[in-house]
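Undergrad: here is my input, please return the structure:
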Amino acid sequence: MSMLLSEIARDIGGTLAGEDREITGASTIEEAAGSDITFLANPKYRDKAGACAAGGIIVGEDLGLSIPQIITPNPYLSFARTLELLYPEKSHVPGISDMSFVHPDASVDESATVYPFVSVGKNARIAQNCVIHPGCVIGDGAVIGRSTTLYPNVVVYDRCRIGEHCILHSGVVIGSDGFGFVWDGSKHFKIPQKGIVIVGDHVEIGSNCTIDRAALTSTRIGSDVKMDNLVQVGHNVTIGDHTIIVAQSGIAGSSHIGKSVTLAAQSGVGGHITIGDGCTAAARAGIANDLPPGKVVSGFPAMDHRQWLRVQKITKDLPDLLKRIRELERRFDALSKD
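TA: All right, here's what the predicted structure looks like:
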């Protein structure tokens, strides 16, 4: 799509400083060409802006550059909105493919798009403007909220509910059985998992994430939660609004994650743990105890981030400390013999 810089500035609420040019794409500050727009949000790249060959750049203040600037309070957010303008989502033709299966008792809004090889179960409901890509399975009684997109091979098990304006990427499984077994004296007896999963509005779930159904009630994902790829959420877990969970993290059953929490990559949360609002766990943190609101933790077992930094500083000195201790022991033994 082609736009003038003045049109972009108008639509993102910025101010154009410099020549009005036609923009046809977007790129990085290093690779942008004359018809591209780029942005500068991190001061460490300030020197690169001076040599940038882009047709325009989104900045937080007038930098006196030779190329046109669009000045906005938040360049990163403004660039994201610019990408939406330059690369609009492709349109979908409403309707149900003849090569899909929709149960006679299911309800699919006439504005929804159901692609080939989709299965929609009995009493399932698909709301307005949904897009269901090939290979998806929507179980009996499941609900897909308005303007939600399911990419290929998403599975939503029976009775689970997905909110409005959600995005579920390929391979997501919602509502598989929770991992519950009890030893009966000779083998593991499976505990029936009869609950559901409820996903809020404006949730995005990355490829191959799995969210298990509750044993009795519901596993709940709050609104505006963002999950990266390969995240596992156990049964009966609740996750608060605006929380971010990064790739390969896992949350064991019956844990409660508060609002606006960040779990960085490969974080692990034990079962029946409560994490307060606004907490942050660094990559590979192993959380085995409750965390009060606002806590920042690192390491395994997870500890206060500042303490963890001190531990890391000491750890690298351990080989030298061991040598010194052994030398002291040798001297002490020698003195003892004397």
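Undergrad: name the SS class of Leu328, please.
TA: Using DSSP: H, G, I helix; E, B strand; the rest coil, the structure places Leu328 in helix.
Undergrad: do Arg46 as well
TA: helix.
Undergrad: that one: neighbour count?
TA: 12 (other CB atoms under 10 Å). Using the backbone N, CA and C atoms, a C-beta is placed for each residue, glycine as well.
Undergrad: what do you get for Asp277?
TA: Neighbour count of Asp277, defined by other CB under 10 Å: 16.
Undergrad: now the one 4 residues further on
TA: The criterion is other CB under 10 Å. On that basis, Ala281 has 27 neighbouring residues.
Undergrad: got any ranges where the chain has weak pLDDT?
TA: By pLDDT under 70, the weakly predicted segments of the chain are 338.
Undergrad: got the domain ranges for it?
TA: Per automatic domain parsing, the domain ranges recorded for the chain read 3-86, 95-305, 308-337.
Undergrad: please identify the deepest-packed of these.
TA: Comparing these by mean neighbour count (mean count of other CB atoms under 10 Å), domain 95-305 ranks first with a mean of 19.
Undergrad: between the two ends of stretch 48-67, how far is it?
TA: Stretch 48-67 has an end-to-end distance of 13 Å (criterion: CA to CA, to the nearest Å).
Undergrad: roughly how far out does it sit from the chain middle?
TA: Relative to the chain's own centre, stretch 48-67 is displaced by 31 Å; criterion: CA atoms, centre = their mean, to the nearest Å.
Undergrad: ok, residues contacting that stretch?
TA: The contact list for stretch 48-67 (CB atoms under 8 Å, 6 or more residues apart in numbering) reads 5, 8, 12, 14, 17-18, 21-23, 27, 29-30, 32-41, 46, 68-75, 78-79, 82.
Undergrad: check stretch 180-194 too.
TA: Defining contact as CB under 8 Å, 6+ apart, one finds that stretch 180-194 is touched by 177-178, 212-216, 235, 253.
Undergrad: change it to 6 Å
TA: 177-178, 213, 215 (CB atoms under 6 Å, 6 or more residues apart in numbering).
Undergrad: and those residues as a markdown table, adding distance to Leu309?
TA: Shown next, in a markdown table, are those (distance: CB to CB, whole Å):
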| residue | distance to Leu309 |
| --- | --- |
| Asp177 | 41 |
| Gly178 | 37 |
| Arg213 | 40 |
| Ala215 | 40 |
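Undergrad: in CSV, list those residues along with distance to Pro88 and secondary structure.
TA: Formatted as CSV, these follow (distance: CB to CB, whole Å; DSSP: H, G, I helix; E, B strand; the rest coil):
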residue, distance to Pro88, secondary structure
Asp177, 39, coil
Gly178, 40, coil
Arg213, 36, coil
Ala215, 43, coil
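Undergrad: out of those, who's nearest Ser336?
TA: Ser336 lies nearest to Gly178 out of the contacts of stretch 180-194, by CB to CB, at 60.9 Å.
Undergrad: assign a three-state SS to Ser223, would you?
TA: coil.
Undergrad: kindly apply the preceding question to Leu77 instead.
TA: The local conformation at Leu77, judged by three-state DSSP, is helix.
Undergrad: over to the one 3 residues further on?
TA: At Ala80 the chain is in helix, as set by three-state DSSP.
Undergrad: against Lys44, how distant is it?
TA: According to CB to CB, to the nearest Å, Ala80 stands 20 Å off from Lys44.
Undergrad: ok, residues contacting stretch 72-80?
TA: When contacts are defined by CB under 6 Å, 6+ apart, stretch 72-80 is touched by residues 12, 14, 39, 41, 58-60.
Undergrad: kindly export that stretch (C-alpha atoms) in CSV.
TA: This file holds the C-alpha atoms of stretch 72-80, laid out as CSV (Å, rounded to 0.1, in the frame of the first residue of the first chain):
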residue,chain,number,x,y,z
THR,A,72,5.2,11.5,18.1
PRO,A,73,5.2,10.9,21.9
ASN,A,74,5.8,7.2,21.4
PRO,A,75,7.7,6.3,18.3
TYR,A,76,7.5,2.5,18.8
LEU,A,77,3.7,2.5,19.2
SER,A,78,3.3,4.9,16.3
PHE,A,79,5.5,2.6,14.1
ALA,A,80,3.3,-0.3,15.0
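Undergrad: from what I see, Ile239 and Ile257 are in contact.
TA: Yes: contact criterion CB atoms under 6 Å: Ile239 and Ile257 qualify, at 4.5 Å.
Undergrad: closest to Val154 out of the contacts of stretch 180-194?
TA: Closest approach between these and Val154, by CB to CB: Arg213, at 15.4 Å.
Undergrad: spit out the contact partners of the closest one.
TA: Arg213 makes contact with 175, 193, 195-197 under the criterion CB under 6 Å, 6+ apart.
Undergrad: if we ignore the residues flanking it in sequence, what's nearest it?
TA: Leaving out its chain neighbours, the residue that sits closest to Arg213 by CB to CB, 6 or more residues apart in numbering is Gly175, at 4.5 Å.
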